[in-house]
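>>> this one's sequence-less:
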């Protein structure tokens, strides 16, 4: 792997390895699916992306995320989105649903990775590809940071579109997370069909 700016830690790979960075977003939200992205970057694209000051998606403004997501998707060798629905989250729990979304993203890739770098400390169950879990990977590995940005932009766009169908919850602003206004709307109107009923704020009597 080419040398990166010092804020990005280098993880050992050989020239023959095809690395997919994998991350999820929406794990803590009360509404909508949990979404993951798998992103494969070529070594040639890394300096350009470092120069663009890619960071963990949570540290970026929405407009900056959108521009970076467009840049990432344009230079990526391959990228795909996977998600797990609200029903699946309520059925198997949010951790397992997050891992399922990651697995779906990886399996959609047309370019087969030789290893997946997975954000966090939980490997993806049943994935027949070598994995390396990286705690705080979205701050340490460029391909994971890229995946976090792509997933965040995709999910935010989805929630913004769903906001027109469920206008009572201010989803366009909160993106499904438990803001004060969102929690008050849940208390007043109850949960919508796409709220996570297994999450305590959505268990409105």
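Everything's here; your move. Note that the structure is predicted; figures quoted are calculated from it, not measured.

>>> where is the longest helix in the chain?
Looking only at the chain and at elements set by DSSP state H, the helix with the highest residue count is helix 142-163.

>>> give me the buried positions along the worst-scoring helix or strand of the chain on mean pLDDT.
The least trusted helix or strand in the chain, going by mean pLDDT, DSSP states H and E, turns out to be helix 46-51, with a mean of 78. For helix 46-51, a neighbour-count test (16 or more other CB atoms under 10 Å) marks 46, 49-50 as buried. Placement of C-beta: from N, CA and C, glycine included.

>>> mind checking the pLDDT average for the longest helix of the chain?
Confidence for helix 142-163, expressed as mean pLDDT, is 96.

>>> show me which residues of it are buried.
Residues of helix 142-163 classed as buried: 142-156, 158-159, 162-163 (neighbour count, 16+ other CB under 10 Å).

>>> got it, and stretch 182-201?
182-183, 185-186, 191-192, 194-196, 199.

>>> so which residue is dead centre in the protein?
Against the mean C-alpha coordinate of the chain, by CA atoms, centre = their mean, the closest residue is residue 24 at 2.8 Å.

>>> give me phi/psi at it?
The main-chain torsion angles of residue 24 are listed as degrees, to the nearest 10 and equal phi -120, psi 160.

>>> same question for residue 28.
Comment: the main-chain dihedrals of residue 28 come out as phi -90, psi 0, following degrees, to the nearest 10.

>>> all helices for this protein, in order.
46-51, 62-75, 86-92, 94-108, 137-140, 142-163, 171-174, 180-189.

>>> stretch 135-142: how far from the chain's middle?
With CA atoms, centre = their mean, to the nearest Å as the basis, stretch 135-142 stands 13 Å off its chain's centre.

>>> and the end-to-end length of it?
Its first and final residues considered, stretch 135-142 spans 13 Å by CA to CA, to the nearest Å.

>>> what are the buried residues along it?
Judged by neighbour count using 16+ other CB under 10 Å, the buried positions of stretch 135-142 are 137-142.

>>> reformat those into a markdown table and put distance to residue 176 next to each item.
A markdown table is the format used below for the buried residues of stretch 135-142 (distance: CB to CB, whole Å):
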| residue | distance to residue 176 |
| --- | --- |
| 137 | 23 |
| 138 | 19 |
| 139 | 23 |
| 140 | 27 |
| 141 | 26 |
| 142 | 27 |
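
>>> thank you kindly, that will do.
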